[in-house]
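Student: predicted model, plus sequence, below.
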Protein chains: 2
Amino acid sequence: MPTPRVTLLDVARRAGVSRTTASFVMAGRTDMRISAEAEHRVLHAARELNYRPNLMARSLRTKLTRTIGLVSDTIASEAFAGELIRGSLSTALLHQHLLFVGESEGDHTVEMQLVQDMLDRGVDGFIYASMYTRRARPPSGLRGHRVVLLNCVAEDHRIPAVLPDERDAGRVAARLLLDAGHRDRIVMVGETPAEVYAARERRTGVEEGLAERGVALAGTVDCLWWPESSYAAVREFFAGGADPTALICLNDRVAFGVYQAAAEAGLTVPDDVSVVSFDDSHLASWLRPGLTSIAIPHFELGRTAVELLLADLPAHDAHRVPMPLRERGSVGAPRSGPPAAHGRSG
Amino acid sequence: MPTPRVTLLDVARRAGVSRTTASFVMAGRTDMRISAEAEHRVLHAARELNYRPNLMARSLRTKLTRTIGLVSDTIASEAFAGELIRGSLSTALLHQHLLFVGESEGDHTVEMQLVQDMLDRGVDGFIYASMYTRRARPPSGLRGHRVVLLNCVAEDHRIPAVLPDERDAGRVAARLLLDAGHRDRIVMVGETPAEVYAARERRTGVEEGLAERGVALAGTVDCLWWPESSYAAVREFFAGGADPTALICLNDRVAFGVYQAAAEAGLTVPDDVSVVSFDDSHLASWLRPGLTSIAIPHFELGRTAVELLLADLPAHDAHRVPMPLRERGSVGAPRSGPPAAHGRSG
DNA sequence: CGCTCGTGCTGAATCGGATTAGCTGAGAGT
DNA sequence: ACTCTCAGCTAATCCGATTCAGCACGAGCG
């Protein structure tokens, strides 16, 4: 039954009051005096008729739609995008909001069209999300509207942003190893170009975490953030006689390569060498032993962005979301004595 | 600059015509006579003022919002969900529509709330999507509204549905092997419970495809759709002296297990045994040799659902989307002579 | 007894478009 | 000269809420 929609007038008539009165009761407003009697009649009638306000009509008047636009560069490519959307979505729903989702695929024209289309539909605000943390230039159409950046920061820092707290994650990784007993044979694996936020922050965090207890990195293995690259670099590192007790990998793919190189060098994780990493991708749970990794909190990022948007907080620099440590089996105590001889022969 | 919105009245005034005339020009309607002169003035004014119609106001009158609700059970868990959304999204955008995205996580209450919230915002139609093909009971709130089912079918078959053409995919797999020269030593791997749509259809398709050329399956290896299960079952199969030239795996994870079992039996893919599979997940491209697999067309499924919804086609049984064959290196000609001896010793 | 005041409520305007009904002035037909 | 079209436009209404500006009535007060 495609029921003809019940309007406020229907409710008012049934309750024997004016539309105005019905409206005030439904809005729960107390600044206008309504008798308990009338209020009850209206609520009763609304329930009986199964009244649902027409949000388009309301929006026309109030300029509010209880609707948020999520504009991102990529939805499909990375598996975790789903979690990010899910976090935003469920939080929006909690606040009686709905989410328009749009993806630009990096195309600036598409992005502008999306923003326009959403504005035409009167979204109350925007979440402008990037799938990897970067410096971004949100489209000009967003100026003058409520916006929260997700996983990116604007050039002028005038827009509130939600970011994973990469620096703290670095500190956590450092402390984890220190607590396990490692000290001056901790090495970092992976390049850290200054313009890559996650790289810079993670490294800084690690160094800070170690410095807190008077320790410094024993060295760095420079390589791309891919298994092949880290495998090759770390194999050479071992071959050159290096003898770390722990390796901090800048992401799970790097750690994957490190596992391969360690196995080839006859080293066991974590007995001979401990490994800790960042991202907590699926890979981390697939590896043997399970890789201890510090997760990117995708769901929380989405949740926080929506909370921030709806709370309309002032734009301080950035809101950082803690990155949770997922401990598996790749970190242990360092070998106590001097290192056992090792090599390809075993 | 949070520009105060330009209204139709502003445009009309600037063009020196009435709101009515401006409205007709903007709507591009020809059933009302407007001089070329007036039309030009209106269009010019609209452009000058950068006029954008207020869609809430329009919707209030027309009951159309150019908005679609996508309600699904799961967004995050499966990686391919992104592609499905992306297909729907880009197609909607092409038709000047926007997409509300909602996920129920299987919770019926959440699902109902989502549908209500979307209806309150006047969506023109729904896409009710499932992340794996199944029989579904769309919530009662959808009754009387335009709906397309995506990746699921309703019990009463009264709602148009979009499904991957699994049966045709089965035929394609069969023909691929026949064309490569295989005939009566083709074996299927994976269980096919009647209630699992993909299983039933894929098997039927394979049998049809073979039957077209007078061939029948040489046998079936029964196992779950997971690597461990197929590995164990196929290993036993080989150990029992079975000697297939080709294996049709019911998905890529099954094929993964088959690769392992084949390697262990000293069989090379595709020289000793050809393998073809379904899904075309990432796994297929990761395996060596690359796995020839028949893809689930996620993007196309999303696209087709939106097209169907907007075209308002009558509900015939189901709209089937072709599953494209992705050829890699796992299918070759069968060994010509009698099978070489083989076993664990190679 | 008339006047103010507070309570409880209502009529009408408003938001920005779409749409219906009708008005005007020029040229054609008789 | 007098209707009759018809092209070309406009006034008015509607969609369904929110909200401003009162209005009636009874109690309290001097």
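Tutor: Cool, got the structure. Numbers count the residues shown, from 1 in each chain, chains lettered A, B, ... in the order given.
Student: contacts only, for residue A:128.
Tutor: Contact analysis of residue A:128 by CB atoms under 8 Å, 6 or more residues apart in numbering or on different chains lists A:71, A:72, A:136, A:138, A:142, A:147, A:148, A:149, A:150, A:152. C-beta here means a position set from N, CA and C on the backbone, and glycine is covered the same way.
Student: run through the bridge partners of it.
Tutor: Counting by DSSP bridges, residue A:128 is bridged to residue A:71, residue A:149.
Student: check the gap between it and residue A:81 for me.
Tutor: Distance from residue A:128 to residue A:81, counting by CB to CB, to the nearest Å: 14 Å.
Student: skipping its backbone neighbours, what lies nearest residue A:210 in space?
Tutor: Of all residues not flanking residue A:210 in the chain, residue A:174 sits nearest, at 4.7 Å (CB to CB, 6 or more residues apart in numbering or on different chains).
Student: for residue A:38, that is, sorry about that
Tutor: Leaving aside its chain neighbours, residue A:38 sits nearest to residue A:17 (5.7 Å; criterion: CB to CB, 6+ apart).
Student: so which helix or strand takes in residue A:255?
Tutor: Element membership of residue A:255 [criterion: DSSP states H and E] is helix A:252-264.
Student: what's the next helix or strand after that helix packed up against?
Tutor: Going down the chain from helix A:252-264, the next helix or strand is strand A:274-279, by DSSP H and E. Packing contacts for strand A:274-279, counted by 3 or more CB pairs under 8 Å, 6 or more residues apart in numbering or on different chains; DSSP states H and E, involve helix A:166-179, strand A:246-249, helix A:252-264, strand A:292-295.
Student: tell me which of those is the most buried.
Tutor: Comparing the helices and strands packed on strand A:274-279 by mean neighbour count (mean count of other CB atoms under 10 Å in any protein chain shown), strand A:246-249 ranks first with a mean of 29.
Student: in its sheet, what does it sit against?
Tutor: In the sheet, strand A:246-249 lines up with strand A:186-189 (parallel), strand A:274-279 (parallel) (DSSP bridges).
Student: which parts of the stretch 51-200 of chain A are helices?
Tutor: Counting by DSSP state H, counting those that start in this stretch, one finds helices in the stretch 51-200 of chain A at the ranges A:55-62, A:81-94, A:108-120, A:166-179, A:197-211.
Student: thinking again about what came up before, ok, which of the strands paired with strand A:246-249 comes nearest DNA strand D?
Tutor: Closest to DNA strand D of these, according to CB to the nearest atom of the strand: strand A:274-279, at 45.8 Å.
Student: now for residue A:250, how many residues are close by?
Tutor: Residue A:250: 27 surrounding residues under other CB atoms under 10 Å in any protein chain shown.
Student: check contacts around it.
Tutor: Contacts for residue A:250 were tallied using CB under 8 Å, 6+ apart; they are A:188, A:189, A:190, A:191, A:192, A:198, A:199, A:202, A:203, A:225, A:277, A:278.
Student: next: residue A:306.
Tutor: Contacts for residue A:306 (CB under 8 Å, 6+ apart) come out as A:68, A:87, A:88, A:91, A:92, A:95, A:97, A:127, A:148.
Student: before we move on, what about residue A:64?
Tutor: Contacts for residue A:64 (CB under 8 Å, 6+ apart) come out as A:58, A:122, A:124.
Student: quick one, strands of the stretch 1-150 of chain A?
Tutor: Taking DSSP state E, counting those that start in this stretch as the test, the strands found in the stretch 1-150 of chain A are A:67-72, A:98-103, A:125-136, A:147-154.
Student: reformat these as TSV; add mean pLDDT and distance to residue B:246.
Tutor: TSV is the format used below for the strands of the stretch 1-150 of chain A (pLDDT from 0 to 100; distance: least, CB to CB, whole Å):
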stretch	mean pLDDT	distance to residue B:246
strand A:67-72	96	43
strand A:98-103	95	40
strand A:125-136	88	40
strand A:147-154	91	46
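Student: closest one to DNA strand C among these?
Tutor: Closest approach to DNA strand C among the strands of the stretch 1-150 of chain A (CB to the nearest atom of the strand): strand A:67-72, 16.7 Å.
Student: show me what that closest one is packed up against.
Tutor: Strand A:67-72 makes packing contacts with helix A:81-94, strand A:98-103, helix A:108-120, strand A:125-136 when contacts are defined by 3+ CB pairs under 8 Å, 6+ apart.
Student: for these, which one ends up most surrounded?
Tutor: Mean neighbour counts for those (mean count of other CB under 10 Å) peak at strand A:98-103, with a mean of 25.
Student: how many neighbouring residues does the residue of the stretch 151-300 of chain A at minimum distance from DNA strand C have?
Tutor: Relative to DNA strand C, the nearest point of the stretch 151-300 of chain A is residue A:159 (26.1 Å; CB to the nearest atom of the strand). By the criterion of other CB under 10 Å, residue A:159 has 21 neighbours.
Student: so residue A:66 makes contact with residue A:100?
Tutor: No. At 11.7 Å, residue A:66 does not count as touching residue A:100 under the criterion of CB atoms under 8 Å.
Student: ok, the residue of the stretch 151-300 of chain A closest to DNA strand C touching residue A:149?
Tutor: Yes. Counting by CB under 8 Å, residue A:149 is a contact partner of residue A:159 at 5.4 Å.
Student: and the lowest-mean-pLDDT helix or strand in chain A, what's buried?
Tutor: Between all helices and strands in chain A, the lowest mean by mean pLDDT, DSSP states H and E belongs to helix A:282-286, at a mean of 81. Going by neighbour count (16 or more other CB atoms under 10 Å in any protein chain shown), the buried part of helix A:282-286 is A:283, A:284.
Student: how about stretch A:268-284?
Tutor: A:269-270, A:272-281, A:283-284.
Student: quick check: chain neighbours aside, which residue is closest to the residue in the stretch 151-300 of chain A positioned nearest to chain B?
Tutor: Closest residue of the stretch 151-300 of chain A to chain B, CB to the nearest CB: residue A:299 (8.1 Å). Nearest non-adjacent residue to residue A:299, counting by CB to CB, 6+ apart: residue A:87, 3.8 Å away.
Student: out of the helices of the stretch 51-200 of chain A, flag the one nearest residue B:51.
Tutor: Closest approach to residue B:51 among the helices of the stretch 51-200 of chain A (CB to CB): helix A:108-120, 11.2 Å.
Student: the closest one - contacts with which helices or strands?
Tutor: So helix A:108-120, by 3+ CB pairs under 8 Å, 6+ apart, packs with strand A:67-72, strand A:98-103, helix B:81-94.
Student: which residues are in contact with the residue nearest to residue A:299?
Tutor: Residue A:87 sits next to A:298, A:299, A:300, A:301, A:302, A:303, A:304, A:306 when contact means CB under 8 Å, 6+ apart.
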